[in-house]
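Student: no sequence for this one, just the structure:
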């Protein structure tokens, strides 16, 4: 711990060397990274049309809900410019382009950018998606923006990214598993690659929070509590289709994800418990009175959420998305 009166700006500055280490450890170089072209038909080859035909035949057997989730995931990934801009607004992050924080932001963005490209290209080639409708939803999401309720605070922001990147890993990994069961090994491999990236990113953000707990445990604990009281919302919660009000499309998207087990209320609880374990919340020391109360609140949440999740039923009412041809 630095001092009892440590400011967030001081903590963020103190962490620069640590962030530089994680940048090297948890982001890959361009040379060693996969690219969308590695996973999809190559238009320069004579076999391109045959490969596309095979892709379309496999995609024909994918279930409606799986396609809906895949489109929603793609739109979420394609809203990347908003996420990068949001990270740049976090208070206290050095704006020096050569600082470890800015290098992390650019490196993270570069890796994430491939996800939307790969998923978009797959959906286009599949022949099952109304691309104009999907593209309109992406434009809406970028134009409408989002409110993650982090107040541009680094502590709250890194709680959010730790949770959200873990959730994204789960979602893409489950889509990969279902795609494989439904006979599309190419889609399974693609989503598996995306999930692996998200797992590394989640590991980094969780490490950032662990480091903050070393320097400023009470304030970090209060930030964790605040984010859990507000509840973690996914960045695409403003997702909408042409002619549909904000909120309705995202609700139907999450219903589809719950129906096929891609992401459920039980997963939300499991992620929270995982963060509690990762950050060793039960054994934290040097908390002030407010921090202790915050810890007690957070520690009681998994059991409460689990009881709620056990009473919830998977939504049965199906919805016809404008995205799906």
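Tutor: Arrived safely. No experiment lies behind these values; they were computed from the predicted model shown. Numbering: from 1, shown residues only.
Student: Determine the set of other helices and strands touching the biggest helix by length in the chain.
Tutor: The residue-count maximum for a helix in the chain (DSSP state H) belongs to helix 185-215. If contacts are counted by 3 or more CB pairs under 8 Å, 6 or more residues apart in numbering; DSSP states H and E, helix 185-215 sits against helix 8-14, helix 16-26, helix 36-39, helix 48-59, helix 100-126, helix 154-181, helix 217-230, helix 265-278. In this view, the C-beta of every residue, glycine as well, is placed from N, C-alpha and C.
Student: Report the angle between the worst-scoring helix or strand of the chain on mean pLDDT and helix 154-181.
Tutor: Every helix and strand in the chain was compared by mean pLDDT, DSSP states H and E; the lowest is helix 80-88, with a mean of 88. Angle, helix 80-88 to helix 154-181, by axes from the mean of the first three to the mean of the last three CA atoms, to 10 degrees: 150 degrees.
Student: quick revisit: got the angle between the longest helix of the chain and helix 217-230?
Tutor: Orientation of helix 185-215 against helix 217-230 (the same axes, to 10 degrees) gives an angle of 140 degrees.
Student: thinking again about what came up before, name the residues of the least confident helix or strand of the chain that come out as buried.
Tutor: Going by neighbour count (16 or more other CB atoms under 10 Å), the buried part of helix 80-88 is 80, 82-83, 86-87.
Student: Just the closest of those residues to residue 187, please.
Tutor: residue 80 (20.6 Å; CB to CB).
Student: For residue 113, see how far away that closest one is.
Tutor: 6 Å (CB to CB, to the nearest Å).
Student: With residue 64 instead?
Tutor: If you go by CB to CB, the gap between residue 64 and residue 113 works out to 29 Å.
Student: How about the contacts made by residue 311?
Tutor: For residue 311, no contacting residues are found, by CB atoms under 8 Å, 6 or more residues apart in numbering.
Student: do the same with residue 81
Tutor: Applying CB under 8 Å, 6+ apart, we find residue 81 in contact with residue 142.
Student: what do you get for residue 96?
Tutor: residue 102.
Student: same question, residue 167
Tutor: Applying CB under 8 Å, 6+ apart to residue 167 gives the contacts 232, 234, 263, 267-268, 271.
Student: out of those, who has the most neighbours?
Tutor: Of all the contacts of residue 167, residue 263 has the most neighbours under the rule other CB atoms under 10 Å, reaching 24 neighbours.
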